[in-house]
Structure formats: structure tokens, C-alpha cells
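> fold the following and give me the result.
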Amino acid sequence: MKSFSKKPWHVGYRNAEGSVFADSGRMRMESNGTTLYPVCRFGMGWNEDEDEANGNLIAAAPDLLEALEQARAALPDAWMAEKCGVPRDVIEVIDAAIAKAKGEMQ
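Down below sits the predicted model:
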């Protein structure tokens with residue numbers, strides 16, 4: 001499995017562009033200091049509120065994945081979950097989101 005940049009991730013803005021950075025991200029020493037390379041970049045300007053919300057969601061991704069994995073580990077298999085009152089579709093949504101985050105589903 002491919003590995004993600006370690007969390008925490010945070011959002012930064014500069015020159016009409018937003019970026020998501022990992023505190024333990026890839027750095028390079030340069031003549032004018034250290035450059036921290038972003039996990040991703042996103043455009044700003046069309047709808048700044050939406051752009052900022054998207055950046056926050058991306059920055060929360062490692063925490064959200066971890067929470068889903070912990071929730072899923074606490075749930076029994078789908079058949080038993082239904083017997084305990086957890087709808088099967090809830091488990092399917094969790095499993096699909098985890099698979100998507102890990103690149104196992106398109």
C-alpha cells in the first residue's frame with residue numbers, strides 16, 4: 001500500500017493559491033531558507049469560501065481516514081452489525097470511503 005504524508009496537515013494561502021502542507025513533509029534547504037513542499041495545491045478566487053472549505057477538508061483527510069478505520073474496526077461484520085442495529089449501508093459507506101482514500105476504488 002502507498003503511504004501518506006504523516007499528519008498533521010494544515011492549510012496555507014499565498015498569491016491567490018492555497019496549499020495543504022504536512023508538518024513532516026518534504027523539505028529542501030535552499031539559499032533563502034527551507035522550502036516545505038505541499039501535499040497539494042488548489043486555486044483560489046472563483047469562490048473563496050468554497051476554496052477555503054475544500055482546503056480544510058483536504059487537510060482533515062488523514063484524521064478522517066483514521067477515524068473511519070477506528071470506527072470500522074469497532075464494528076462487527078455486516079451481518080452481525082445488522083443484528084446489533086447498525087444498518088448494512090452504514091458499513092458499506094464506511095468501507096467504500098476507506099477504499100477510496102487508499103486508492104483501492106475509483
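> so what's the residue nearest the centre of the chain scoring on pLDDT?
Centroid-nearest residue in the chain, with C-alpha atoms, centre = their mean: Ala61, separated by 1.6 Å. Looking at Ala61, its pLDDT stands at 94.
> also the one 4 residues further on?
On the pLDDT scale, Leu65 is placed at 95.
> can you say which helix or strand has it in it?
Taking DSSP states H and E as the criterion, Leu65 maps to helix 48-74.
> and that helix, how far from the chain's centre?
Helix 48-74 sits 5 Å away from the centroid of its parent chain (C-alpha atoms, centre = their mean, to the nearest Å).
> then stretch 68-81?
20 Å.
> can you give me the end-to-end distance of it?
Taking C-alpha to C-alpha, to the nearest Å, stretch 68-81 runs 16 Å from one end to the other.
> give me the contact list for that stretch.
By C-beta atoms under 8 Å, 6 or more residues apart in numbering, the surrounding residues in contact with stretch 68-81 are 84, 86-88, 90-92, 94-95, 97-98, 101. In this view, the C-beta of every residue, glycine as well, is placed from N, C-alpha and C.
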